[in-house]
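Peer 1: attaching a predicted model along with its sequence, questions to come.
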Amino acid sequence: MDGSDADDTKQSTADMTVFVQNLLQQMQSRFQTMSDSIISKIDEMGTRIDELEQSINDLKAEMGQEGTPSPSAAKAKEEPKTADDSA
């Protein structure tokens with residue numbers, strides 16, 4: 001075995017290291033892009049849900065049903081029972 005084989009092995013290892021590092025950087029960049037896209041779509045969906053909820057509330061108000069609370073609002077208005085209530 002001569003010195004050129006050792007040099008070739010070192011060069012091959014260095015090349016492979018650079019290749020793997022570049023591959024990992026590309027993967028990280030793609031995952032970041034996908035993550036940003038997903039977060040953007042979730043934010044957009046949240047905004048659209050808020051707009052839909054507002055439209056529903058506006059329709060209820062137009063129909064004169066604003067006095068009918070939603071089930072979640074009714075639960076929020078209930079007062080928690082205290083020890084005095086049970087005595």
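Peer 2: Thanks, I have it. Numbering: from 1, shown residues only.
Peer 1: now do the helices in the protein.
Peer 2: 3-62, 71-77, 83-86 (DSSP state H).
Peer 1: which of these sits most buried?
Peer 2: Highest mean neighbour count of those: helix 3-62, a mean of 10 (counted as mean count of other C-beta atoms under 10 Å). Bear in mind the C-beta positions are built from the backbone N, C-alpha and C, glycine included.
Peer 1: so for it, mean pLDDT?
Peer 2: The pLDDT scores in helix 3-62 average 94.
Peer 1: which neighbouring elements make contact with that helix?
Peer 2: Where contact means 3 or more C-beta pairs under 8 Å, 6 or more residues apart in numbering; DSSP states H and E, helix 3-62 is not packed against any helix or strand.
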